[in-house]
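Asker: I'd like to go over a predicted model; first the sequence, then the structure.
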Amino acid sequence: MKAAPSHNSKALFSSTCFLCGSDRIAYKFINNGYPVCQCADCGLMFLNPRPEKLEKTGTDTTPFDKAAAFVYLRKLLDYGGFSKGRILNLSGTQYSISSRDFPGISFTDLSNPPGEGSFDACLFVDALQKTANPQETLSAAWDSLRDGGALLLVVPSLSSRVASAAANKWEGFAEGNNYFFDNKSIQSLLFKCGFGDTYLLPDYDYLHLESLRRHYREADGIGKKALSAFVSLAPAGIKNAALKLRHSEIIVLARKRHKRARPLLSIIMPVYNEAATFQQIFSAISAKKIDGIDKEIVIVESNSTDATRELVKARESDPEVRVVYEERPRGKGHAVRTGLKHATGDFFLIQDGDLEYDIGDYEQLLEPLLNYRYPFVLGSRHAKGWKMRHFEDQPMVSFVMNMGQSFFVTLLNLFCGTRMNDPFTMYKLFRRDCLTGLEFKANRFDFDWEIVIKFIRKGYIPLELPVNYNSRSFSEGKKVSFIKDPILWMIALLRFRFCRLYDRTF
């Protein structure tokens, strides 16, 4: 860790990140007299050292803006699916809302001790970043909620454009804030504390021209006069219209999920005409033991024309296996989508029925997920250079495929603002919460584009780790089409980069 400037007042120093346990903590700058450090692994920023005396929750007791409170409560009730119940307000903020506004809803604030498992929902607005220990606070919120209870957070996000433009002058670094989250770290923290089904929504300010004129009533200069004249001459509809302005805070919706004693890994295995290799790869996966993790193997068989279906049927009695049969082959993407719907794990891994990849790489790929450092990991095939494919019997084919890979990777990075090396790898590992709110459409190999693009749009920039790879040729069973699939990839890039992200609105 790079040494941070000393601080004379009483403070608490940490040599590791409280979220992921990493010791790769780097000093960034001084904020309100305290050093700001950042974890190089999970991205969390925090005061380090931080003040010794901090409240466990927010301390702002000023009445909260009623219009904003209405917005948050409506989103929480819509997400939670209830109209009557108890809400725990951990914001340390007074809500100026009466029972007439939301009949059937009762509020409990910090003055009354929360009862374990007795609340339908929890509000935590603009306060988590001020706490002494966000993990303890969210864990207490988890304890207070009933099974499936809803949580609404509002926090400043380092992932916002406002934060990127303002740098260390960002309003999120205001005095009193001790932790600074981006979209990835806040979701990792929620997952660690037992929350799932996470949605990240933009938050807005609503500005009226008339209120803006009143705000600048005491100001001098031509700007005030021009604004006053414009408001005076503007029609009533424009004068009272609300300007919707997006700012750097995000609204986070999550739900209390069941905590397992040991995490479960779901291995999604689409198979079609893999009789030559299925027995070998399945036996290896079935025998695979991963310390501290249970596994389930979800096999999706797409009505193969060889002996694959019979081989799969012979595995139905395995307690770790669940088999899904498709009536006809509709593409690898469709099979993976089907497998995801039947999987029950905390983590997901996509595994083909051939021998191109080495299952010995499972442990290193899972490690960042288990330590809450990354929610999405790619097994990169570039460990031995950019020429991933080498077909002895078809050298020109391998050259064309390698060049095409480089072209399409560059195109995807350009559209997504990323620097990925191998987004089309089969080895994709991710947490369950990555899937929340997403509805997948692609059926063929364009599914690789869809899942990567939508995860990135949710804030899950993948970590790429090298894996062992031995490409098979078309004569050995490779199924990609030189004509059809590149066309589908181009369509997928435009379709999924700019489509509506979530399958529901709040």
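Answerer: Okay, I see it. Residues are numbered from 1 along each chain as shown.
Asker: how close does E450 sit to R50?
Answerer: 41 Å (C-beta to C-beta, to the nearest Å). All C-beta spots, glycine's among them, are computed from the backbone N, C-alpha and C.
Asker: cool, and N443?
Answerer: According to C-beta to C-beta, N443 stands 50 Å off from R50.
Asker: looking at E450 and R50, which is more packed in?
Answerer: Comparing E450 with R50 by other C-beta atoms under 10 Å, the one with more neighbours is E450, at 22 against 19.
Asker: can you pull the contacts of the residue nearest to that one when sequence neighbours are not counted?
Answerer: Closest residue to E450 apart from its sequence neighbours, by C-beta to C-beta, 6 or more residues apart in numbering: A442 at 4.4 Å. Neighbouring residues of A442 by C-beta atoms under 8 Å, 6 or more residues apart in numbering: G331, G333, R337, W449, E450, L488, A492, F496.
Asker: likewise for N470?
Answerer: Neighbours of N470 in contact, by C-beta under 8 Å, 6+ apart: L355, E356.
Asker: pLDDT weak spots in the chain?
Answerer: Counting by pLDDT under 70, the chain shows low-confidence ranges at 1-11, 52-66, 92-99, 110-115, 206-225, 227, 231, 239-243, 383-399, 472-479.
Asker: name the residues of the lengthiest helix in it that come out as buried.
Answerer: In terms of residue count, the longest helix belonging to the chain (DSSP state H) is helix 395-416. Applying a neighbour-count criterion of 16 or more other C-beta atoms under 10 Å, one finds V397, S398, M401, N402, Q405, F408, V409, L412, F415, C416 buried in helix 395-416.
Asker: so what secondary structure elements neighbour that helix?
Answerer: helix 447-457, helix 484-498 (3 or more C-beta pairs under 8 Å, 6 or more residues apart in numbering; DSSP states H and E).
Asker: mind checking which of the ones you listed is nearest E301?
Answerer: Evaluated over those, closeness to E301 peaks at helix 447-457, with 17.5 Å, by C-beta to C-beta.
Asker: centre of the chain to that closest one, how far?
Answerer: From the chain centre to the centre of helix 447-457 is a distance of 12 Å (C-alpha atoms, centre = their mean, to the nearest Å).
Asker: and if you look at stretch 257-271?
Answerer: On C-alpha atoms, centre = their mean, the centre of stretch 257-271 falls 17 Å from that of its chain.
Asker: before we move on, what about stretch 24-40?
Answerer: Its chain's average C-alpha position is 24 Å from that of stretch 24-40, according to C-alpha atoms, centre = their mean.
Asker: show the end-to-end separation of that stretch, please.
Answerer: Its first and final residues considered, stretch 24-40 spans 6 Å by C-alpha to C-alpha, to the nearest Å.
Asker: circling back: ranking the helices and strands packed on helix 395-416 by burial, who's on top?
Answerer: Among the helices and strands packed on helix 395-416, ranked by average contacts under mean count of other C-beta atoms under 10 Å, first place goes to helix 447-457 (a mean of 22).
Asker: hmm, who's touching that helix?
Answerer: Helix 447-457 is contacted from outside by 331-334, 336-337, 376, 412, 415-416, 418, 420, 423-424, 428, 430, 434, 438, 440-442, 462, 489, 492-493, 496-497, 501, using C-beta under 8 Å, 6+ apart.
Asker: got the CA coordinates for that helix in CSV?
Answerer: What follows is helix 447-457, C-alpha atoms only, in CSV (Å, rounded to 0.1, in the frame of the first residue of the first chain):
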residue,chain,number,x,y,z
PHE,A,447,-25.9,-14.6,-26.8
ASP,A,448,-22.2,-14.0,-25.9
TRP,A,449,-22.7,-10.4,-27.1
GLU,A,450,-26.0,-10.0,-25.4
ILE,A,451,-25.0,-11.1,-21.9
VAL,A,452,-21.7,-9.2,-21.9
ILE,A,453,-23.3,-6.0,-23.2
LYS,A,454,-26.2,-6.1,-20.7
PHE,A,455,-23.9,-6.9,-17.8
ILE,A,456,-21.6,-4.0,-18.7
ARG,A,457,-24.6,-1.7,-18.9
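Asker: now the angle between helix 484-498 and that helix, please.
Answerer: Orientation check (axes from the mean of the first three to the mean of the last three C-alpha atoms, to 10 degrees): helix 447-457 against helix 484-498 gives 20 degrees.
Asker: so after helix 447-457, what's the next helix or strand?
Answerer: strand 463-466 (DSSP states H and E).
Asker: now do the domain split for the protein, please.
Answerer: Using automatic domain parsing, the domain ranges for the chain come out as 11-51, 63-256, 264-498.
Asker: possible to save those domains as a markdown table with distance to T505?
Answerer: Output for the domains of the chain, formatted as a markdown table (distance: least, C-beta to C-beta, whole Å):
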| stretch | distance to T505 |
| --- | --- |
| domain 11-51 | 28 |
| domain 63-256 | 9 |
| domain 264-498 | 10 |
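Asker: wait, which of the ones you listed is closest to F506?
Answerer: Once the domains of the chain are compared by C-beta to C-beta, domain 63-256 is nearest, at 4.5 Å.
Asker: now do the strands in the stretch 51-200 of the chain.
Answerer: Assigned by DSSP state E, counting those that start in this stretch, the stretch 51-200 of the chain shows strands spanning 63-64, 85-89, 94-95, 105-108, 119-125, 145-156, 179-180, 195-208.
Asker: CSV please, covering the ones you listed and showing mean neighbour count and distance to A236.
Answerer: Shown next, in CSV, are those (neighbours: other C-beta atoms under 10 Å; distance: least, C-beta to C-beta, whole Å):
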stretch, mean neighbour count, distance to A236
strand 63-64, 15, 28
strand 85-89, 21, 36
strand 94-95, 19, 31
strand 105-108, 16, 34
strand 119-125, 25, 32
strand 145-156, 22, 32
strand 179-180, 24, 42
strand 195-208, 18, 12
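Asker: indicate which one of those is closest to D23.
Answerer: With C-beta to C-beta, the closest approach to D23 among the strands of the stretch 51-200 of the chain belongs to strand 179-180: 18.0 Å.
Asker: who are the packing partners of the closest one?
Answerer: Here strand 179-180 touches strand 45-47, going by 3+ C-beta pairs under 8 Å, 6+ apart.
Asker: so what strands line up beside the strand it packs on?
Answerer: Strand pairing for strand 45-47, using DSSP bridges, gives strand 34-39 (antiparallel), strand 179-180 (antiparallel).
Asker: so what's D422 up against?
Answerer: When contacts are counted by C-beta under 8 Å, 6+ apart, D422 touches L378, G379, S380, R381, H382, M388, Q405, V409, E464.
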